[in-house]
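Novice: Need the 3D shape of this:
(one chain, ligands or ions: 1)
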Amino acid sequence: MDCQNCGRELVGFLQGESSAETASALRAHLDSCARCRGRAELLRGVLRTASAPPPRPDGFLESVRRRIAQENRGPSAAESPGRGRMPSLSWRLATASLALLLAAVGIVALQRSSRMRPASPPDRCLAANCQA
Ligand SMILES: [Zn+2]
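Specialist: Next comes the predicted model:
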């Protein structure tokens, strides 16, 4: 086993997919080669991170459930002190951004529809004035 073969077999070895023969050859090489040992350590860390579930703050699910229960009860429900304030603020921000976005979309749609409309309505209006 040389360094090139070691690099090729390393991922499979670390995931436990190597044959017994390959695994023992790899172990022997890693014992004697500091460079590949370092690579193996690095790769082990990467694989562990990739397979681990994403980190989440303590009590996150619980605070989401509490939040949903509060929203269902209506706006008059009492706000929980301390930790409850951060999600509350971000909810308001999200709602405000959504409202802004909808307003922007509405304005664009309005401009587009008025641009596509032919200029006849003002003419008709003037004509109506003339008839009166
Ligand atoms: Zn090596």
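Novice: pLDDT on the longest helix anywhere in the chain, on average?
Specialist: Longest among the helix segments of the chain by residue count, using DSSP state H, is helix 85-116. Helix 85-116 carries an average pLDDT of 79.
Novice: Report the distance from it to the chain centre.
Specialist: Relative to the mean C-alpha coordinate of its chain, helix 85-116 is positioned 21 Å out (C-alpha atoms, centre = their mean, to the nearest Å).
Novice: for that helix, packing partners?
Specialist: helix 60-73 (3 or more C-beta pairs under 8 Å, 6 or more residues apart in numbering; DSSP states H and E). The way it works is simple: take the backbone N, C-alpha and C, and place the C-beta from them, glycine included.
Novice: The helix it packs on vs helix 85-116, what angle?
Specialist: Relative orientation of helix 60-73 versus helix 85-116 (axes from the mean of the first three to the mean of the last three C-alpha atoms, to 10 degrees): 60 degrees.
Novice: for helix 60-73, which positions count as buried?
Specialist: Across helix 60-73, burial judged by 16 or more other C-beta atoms under 10 Å covers Ser63, Gln70.
Novice: Please name every helix or strand in contact with it.
Specialist: If you count contacts as 3+ C-beta pairs under 8 Å, 6+ apart, helix 60-73 packs onto helix 85-116.
Novice: Checking the residue sitting nearest the centre point of the chain next. Helix, strand or coil?
Specialist: By C-alpha atoms, centre = their mean, the mean C-alpha position of the chain lies nearest to Pro54, the distance being 11.2 Å. Of the three states, Pro54 takes coil under DSSP: H, G, I helix; E, B strand; the rest coil.
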